[in-house]
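got a sequence here, can you build the structure:
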Amino acid sequence: MREQAALKGERPGTGEWVGRVDVDLRNARDWSIGSLQLHVEPGTVTAWFGTRALAVMERDLLREWIIHPRGTRLAVDELVWSAQYGSTYVALGRVAEYRVSDSSVRELTAVI
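Model prediction:
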């Protein structure tokens, strides 16, 4: 999380965190395939993979799902978040589903 410190901050006077979070995505062999970038604003979170915007999500909805996934799916635009067997996954479009690293889930829980 320290390497992203320059990309993070609180909105003055609000105490609400805004910034960018890089979410590490892992394949079935637990190899990193890249990062999903989440641009966190006061009311929304925009997900980017490379130069492609995949989804614009309501921040409160994503926060609630990350904290309490309860085996449900959260589908927004071209992203589908899911939780299985204690792990968090994200599907990019209809291409493939990747596991979100545990450290990324912890960071999302802390800042979202």
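
from here on, contacts and neighbour counts on C-alpha atoms
Will do.

what pLDDT does the model give residue 13?
Note on residue 13: pLDDT of 51.

ditto for residue 2
On the pLDDT scale, residue 2 gets 37.

before we move on, what about residue 72?
Reported pLDDT for residue 72: 84.

nearest residue to it in space, please, no chain neighbours.
residue 82 (6.2 Å; CA to CA, 6 or more residues apart in numbering).

what about the one you found, which SS state?
strand (DSSP: H, G, I helix; E, B strand; the rest coil).

next helix or strand past the one helix or strand in the chain whose mean pLDDT sits lowest?
Least confident helix or strand, the chain: strand 8-10 with a mean of 55, by mean pLDDT, DSSP states H and E. On the C-terminal side of strand 8-10, the closest following helix or strand by DSSP states H and E is strand 17-26.

against which helices or strands is the host helix or strand of residue 63 packed?
For residue 63, the host element (DSSP H and E) is helix 59-67. Helix 59-67 is packed against helix 102-111, with contacts defined by 3 or more CA pairs under 8 Å, 6 or more residues apart in numbering; DSSP states H and E.

count the residues that sit near the residue nearest to residue 72.
Counted with other CA atoms under 10 Å, the neighbours of residue 82 add up to 23.

can I assume it is in contact with residue 68?
No - the criterion here is CA atoms under 8 Å, and residue 82 misses it with residue 68 at 11.1 Å.

rewinding a little: I'd like to know how far the residue nearest to residue 72 sits from residue 34.
Going from residue 82 to residue 34 by CA to CA, to the nearest Å gives 18 Å.

now do residue 20
15 Å.

no further queries at this time; thank you.
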